[in-house]
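K.L.:
Got a sequence here, can you build the structure:
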Amino acid sequence: MPFIRAYLRASTKEQDAGRAREDLEAFCSDRGLTIAATYEENESGASLHRPELFRLLRDSKPGDILLTEQVDRLSRLTDKDWDQLKREIKDREVKVVALDLPTSHMMMKTEDAFTGRMFDAINGMLLDMLAAIARKDYDDRRRRQAQGIAKAKVEGRMKGRPEDAKRNQAILNMLQRGQSWSSIVSATGCSRSTLAKIAKRLPNQSIVLEGHEA
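P.N.:
Predicted structure coming up:
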(Lines give C-alpha, C1' and ligand atoms only; values in the text may rest on other atoms or scores of the structure.)
Protein backbone atom coordinates (compact mmCIF):
# COMPACT_ATOMS: atom_id res chain seq x y z
CA MET A 1 0.00 0.00 0.00
CA PRO A 2 1.49 3.36 -1.00
CA PHE A 3 1.99 6.09 1.60
CA ILE A 4 -0.10 8.99 0.32
CA ARG A 5 0.69 12.60 1.23
CA ALA A 6 -1.97 15.12 0.17
CA TYR A 7 -0.87 18.63 -0.83
CA LEU A 8 -3.45 21.43 -0.62
CA ARG A 9 -2.64 24.99 -1.69
CA ALA A 10 -4.41 28.31 -2.17
CA SER A 11 -2.77 31.54 -3.30
CA THR A 12 -3.99 33.97 -0.63
CA LYS A 13 -4.97 33.93 3.03
CA GLU A 14 -8.55 34.76 2.00
CA GLN A 15 -8.86 31.55 -0.02
CA ASP A 16 -9.61 28.13 1.46
CA ALA A 17 -6.58 25.92 0.91
CA GLY A 18 -8.50 22.93 2.26
CA ARG A 19 -11.31 23.26 -0.27
CA ALA A 20 -10.24 20.16 -2.25
CA ARG A 21 -9.74 17.92 0.78
CA GLU A 22 -13.02 16.02 0.26
CA ASP A 23 -12.26 15.42 -3.43
CA LEU A 24 -8.84 13.97 -2.60
CA GLU A 25 -10.28 11.77 0.15
CA ALA A 26 -13.04 10.52 -2.17
CA PHE A 27 -10.47 9.79 -4.90
CA CYS A 28 -8.48 7.61 -2.50
CA SER A 29 -11.55 5.98 -0.97
CA ASP A 30 -12.75 4.86 -4.42
CA ARG A 31 -9.45 3.00 -4.78
CA GLY A 32 -9.45 1.49 -1.31
CA LEU A 33 -6.67 3.82 -0.19
CA THR A 34 -6.26 6.33 2.64
CA ILE A 35 -4.46 9.65 2.87
CA ALA A 36 -1.78 9.22 5.54
CA ALA A 37 -0.67 12.86 5.87
CA THR A 38 -1.94 16.25 4.71
CA TYR A 39 0.07 19.40 4.03
CA GLU A 40 -1.85 22.66 3.58
CA GLU A 41 -0.68 26.20 2.89
CA ASN A 42 -1.62 29.58 1.44
CA GLU A 43 1.23 30.52 -0.88
CA SER A 44 1.55 31.52 -4.52
CA GLY A 45 2.06 28.68 -6.97
CA ALA A 46 4.39 31.00 -8.89
CA SER A 47 6.89 30.96 -6.02
CA LEU A 48 9.22 28.28 -4.71
CA HIS A 49 8.61 29.64 -1.23
CA ARG A 50 6.29 26.82 -0.23
CA PRO A 51 7.27 25.65 3.29
CA GLU A 52 4.61 22.93 3.48
CA LEU A 53 5.38 21.52 0.04
CA PHE A 54 9.06 21.17 0.91
CA ARG A 55 8.20 19.76 4.33
CA LEU A 56 6.15 17.12 2.51
CA LEU A 57 9.15 16.26 0.34
CA ARG A 58 11.50 16.12 3.33
CA ASP A 59 9.10 13.77 5.11
CA SER A 60 8.74 11.49 2.09
CA LYS A 61 10.34 8.13 1.56
CA PRO A 62 11.04 6.56 -1.87
CA GLY A 63 7.78 5.42 -3.45
CA ASP A 64 5.55 7.80 -1.49
CA ILE A 65 2.81 9.57 -3.42
CA LEU A 66 2.31 13.33 -3.55
CA LEU A 67 -1.42 13.72 -4.22
CA THR A 68 -2.86 17.04 -5.33
CA GLU A 69 -6.07 18.29 -6.92
CA GLN A 70 -4.53 19.91 -10.00
CA VAL A 71 -1.05 20.35 -11.42
CA ASP A 72 -1.39 24.11 -10.98
CA ARG A 73 -1.70 23.55 -7.21
CA LEU A 74 1.82 22.19 -7.46
CA SER A 75 3.28 24.61 -9.97
CA ARG A 76 2.76 27.93 -11.70
CA LEU A 77 6.52 28.22 -11.72
CA THR A 78 8.96 29.51 -14.31
CA ASP A 79 10.83 26.84 -16.27
CA LYS A 80 13.91 27.28 -14.10
CA ASP A 81 12.01 26.94 -10.82
CA TRP A 82 9.92 24.05 -12.11
CA ASP A 83 13.11 22.20 -13.08
CA GLN A 84 14.43 22.75 -9.55
CA LEU A 85 11.24 21.40 -7.98
CA LYS A 86 11.22 18.40 -10.33
CA ARG A 87 14.79 17.57 -9.34
CA GLU A 88 13.78 17.63 -5.69
CA ILE A 89 10.82 15.34 -6.40
CA LYS A 90 12.96 12.97 -8.47
CA ASP A 91 15.76 12.86 -5.90
CA ARG A 92 13.21 11.92 -3.23
CA GLU A 93 11.73 9.26 -5.58
CA VAL A 94 8.24 10.64 -4.97
CA LYS A 95 5.40 9.88 -7.38
CA VAL A 96 3.15 12.81 -8.31
CA VAL A 97 -0.57 12.08 -8.74
CA ALA A 98 -2.98 14.86 -9.74
CA LEU A 99 -6.73 14.47 -10.09
CA ASP A 100 -6.68 16.41 -13.38
CA LEU A 101 -3.97 14.16 -14.86
CA PRO A 102 -5.57 10.73 -15.49
CA THR A 103 -2.33 9.08 -16.58
CA SER A 104 -0.87 9.80 -13.15
CA HIS A 105 -3.58 7.72 -11.49
CA MET A 106 -1.76 4.61 -12.66
CA MET A 107 1.08 5.57 -10.32
CA MET A 108 -1.17 4.57 -7.41
CA LYS A 109 -0.84 0.93 -8.42
CA THR A 110 2.13 -1.35 -8.01
CA GLU A 111 3.45 -2.28 -11.43
CA ASP A 112 6.40 -4.29 -12.71
CA ALA A 113 9.58 -2.27 -13.24
CA PHE A 114 9.15 -1.85 -17.01
CA THR A 115 5.53 -0.71 -16.84
CA GLY A 116 6.36 1.59 -13.94
CA ARG A 117 9.14 3.26 -15.93
CA MET A 118 6.84 3.70 -18.95
CA PHE A 119 4.12 5.38 -16.88
CA ASP A 120 6.73 7.50 -15.13
CA ALA A 121 8.04 8.77 -18.48
CA ILE A 122 4.56 9.53 -19.85
CA ASN A 123 3.50 11.12 -16.60
CA GLY A 124 6.62 13.30 -16.50
CA MET A 125 6.02 14.59 -20.02
CA LEU A 126 2.38 15.47 -19.28
CA LEU A 127 3.34 17.08 -15.97
CA ASP A 128 5.75 19.34 -17.86
CA MET A 129 3.03 20.28 -20.35
CA LEU A 130 0.42 21.08 -17.69
CA ALA A 131 2.97 23.02 -15.62
CA ALA A 132 3.82 25.10 -18.71
CA ILE A 133 0.11 25.75 -19.36
CA ALA A 134 -0.41 26.75 -15.71
CA ARG A 135 2.49 29.22 -15.93
CA LYS A 136 1.18 30.68 -19.20
CA ASP A 137 -2.25 31.14 -17.62
CA TYR A 138 -0.59 32.92 -14.68
CA ASP A 139 1.39 35.24 -16.98
CA ASP A 140 -1.66 35.93 -19.17
CA ARG A 141 -3.80 36.90 -16.17
CA ARG A 142 -1.13 39.22 -14.81
CA ARG A 143 -0.74 40.86 -18.22
CA ARG A 144 -4.51 41.38 -18.55
CA GLN A 145 -4.64 42.84 -15.06
CA ALA A 146 -1.83 45.27 -15.88
CA GLN A 147 -3.55 46.26 -19.13
CA GLY A 148 -6.84 46.81 -17.30
CA ILE A 149 -5.18 49.00 -14.68
CA ALA A 150 -3.35 51.02 -17.35
CA LYS A 151 -6.59 51.54 -19.30
CA ALA A 152 -8.48 52.56 -16.17
CA LYS A 153 -5.80 55.15 -15.35
CA VAL A 154 -5.97 56.62 -18.86
CA GLU A 155 -9.77 56.82 -18.68
CA GLY A 156 -9.67 58.32 -15.19
CA ARG A 157 -11.44 55.38 -13.58
CA MET A 158 -8.49 54.37 -11.40
CA LYS A 159 -8.86 56.00 -8.03
CA GLY A 160 -6.28 56.00 -5.30
CA ARG A 161 -6.98 55.09 -1.72
CA PRO A 162 -9.54 57.37 -0.07
CA GLU A 163 -8.07 60.14 2.05
CA ASP A 164 -7.90 59.59 5.79
CA ALA A 165 -9.62 62.91 6.53
CA LYS A 166 -9.57 62.50 10.32
CA ARG A 167 -5.83 61.76 10.41
CA ASN A 168 -5.00 64.55 7.97
CA GLN A 169 -6.97 67.10 9.97
CA ALA A 170 -5.07 66.03 13.09
CA ILE A 171 -1.81 66.56 11.17
CA LEU A 172 -2.95 70.03 10.13
CA ASN A 173 -3.74 70.88 13.74
CA MET A 174 -0.29 69.69 14.85
CA LEU A 175 1.36 71.75 12.11
CA GLN A 176 -0.58 74.83 13.16
CA ARG A 177 0.58 74.32 16.75
CA GLY A 178 4.16 74.34 15.51
CA GLN A 179 5.05 70.69 16.21
CA SER A 180 8.16 69.41 14.48
CA TRP A 181 7.80 67.17 11.44
CA SER A 182 9.68 64.36 13.15
CA SER A 183 7.26 64.32 16.07
CA ILE A 184 4.26 64.35 13.69
CA VAL A 185 5.66 61.46 11.64
CA SER A 186 6.34 59.53 14.84
CA ALA A 187 2.84 60.21 16.21
CA THR A 188 0.81 59.52 13.06
CA GLY A 189 2.92 57.08 11.04
CA CYS A 190 2.55 59.16 7.89
CA SER A 191 5.45 59.60 5.48
CA ARG A 192 7.32 62.88 5.16
CA SER A 193 6.14 63.20 1.56
CA THR A 194 2.51 62.95 2.75
CA LEU A 195 3.25 65.49 5.46
CA ALA A 196 4.68 67.87 2.86
CA LYS A 197 1.49 67.61 0.77
CA ILE A 198 -0.71 68.29 3.78
CA ALA A 199 1.46 71.24 4.85
CA LYS A 200 0.72 72.95 1.53
CA ARG A 201 -2.94 73.23 2.58
CA LEU A 202 -2.11 75.72 5.31
CA PRO A 203 -2.64 79.39 4.49
CA ASN A 204 0.76 80.39 5.88
CA GLN A 205 3.02 77.69 4.42
CA SER A 206 6.26 79.57 5.04
CA ILE A 207 5.97 79.16 8.81
CA VAL A 208 5.42 75.45 8.47
CA LEU A 209 8.16 74.91 5.92
CA GLU A 210 10.64 76.79 8.08
CA GLY A 211 10.06 74.12 10.73
CA HIS A 212 10.74 71.27 8.27
CA GLU A 213 14.03 69.63 9.29
CA ALA A 214 16.22 68.59 6.37
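K.L.:
Going by C-alpha atoms from here, please, whenever you check contacts or count neighbours.
P.N.:
OK.
K.L.:
For the residue most central in space within the chain, which non-adjacent residue is spatially closest?
P.N.:
Per C-alpha atoms, centre = their mean, the C-alpha nearest to the average position across the chain is that of Ser44, at 1.6 Å. Nearest non-adjacent residue to Ser44, counting by C-alpha to C-alpha, 6 or more residues apart in numbering: Ser11, 4.5 Å away.
K.L.:
so the one you found makes contact with Glu40?
P.N.:
No. Counting by C-alpha atoms under 8 Å, Ser11 sits too far from Glu40 to count as a contact (11.3 Å).
K.L.:
Now do the shared contacts for those two.
P.N.:
Shared contacts of Ser11 and Glu40, defined by C-alpha atoms under 8 Å, 6 or more residues apart in numbering, comprise Ala17.
K.L.:
Please identify which of the two sits among more neighbours.
P.N.:
Between Ser11 and Glu40, counted using other C-alpha atoms under 10 Å, Glu40 has the larger neighbour count: 19 against 15.
K.L.:
in its sheet, what does the host helix or strand of the more buried one sit against?
P.N.:
Secondary structure from DSSP states H and E places Glu40 in strand 35-42. Here strand 35-42 is paired, per DSSP bridges, with strand 4-10 (parallel).
K.L.:
Now the strand it pairs with: average pLDDT?
P.N.:
Per-residue pLDDT over strand 4-10 has a mean of 96.
K.L.:
now stretch 195-204
P.N.:
82.
K.L.:
Can you give me the buried ones in it?
P.N.:
By 16 or more other C-alpha atoms under 10 Å, the buried positions in stretch 195-204 come out as Leu195, Ala199.
K.L.:
try stretch 86-98
P.N.:
Ile89, Arg92, Glu93, Val94, Lys95, Val96, Val97, Ala98.
K.L.:
who's in contact with that stretch?
P.N.:
57-58, 60-71, 104-105, 107-108.
K.L.:
Where does Leu67 sit: helix, strand or coil?
P.N.:
Here Leu67 is recorded as strand under DSSP: H, G, I helix; E, B strand; the rest coil.
K.L.:
Show me what it is bridged to.
P.N.:
Taking DSSP bridges, one obtains Ala6, Val97 as the residues bridged to Leu67.
K.L.:
if I read this right, it contacts Tyr7, doesn't it?
P.N.:
Yes. Contact criterion C-alpha under 8 Å: Leu67 and Tyr7 qualify, at 6.0 Å.
K.L.:
Buried residues in stretch 56-65, which are they?
P.N.:
By 16+ other C-alpha under 10 Å, the buried positions in stretch 56-65 come out as Leu56, Leu57, Ser60, Gly63, Asp64, Ile65.
K.L.:
Domain-wise, how is this structure divided?
P.N.:
Using automatic domain parsing, the domain parsing of the chain gives 4-139, 165-210.
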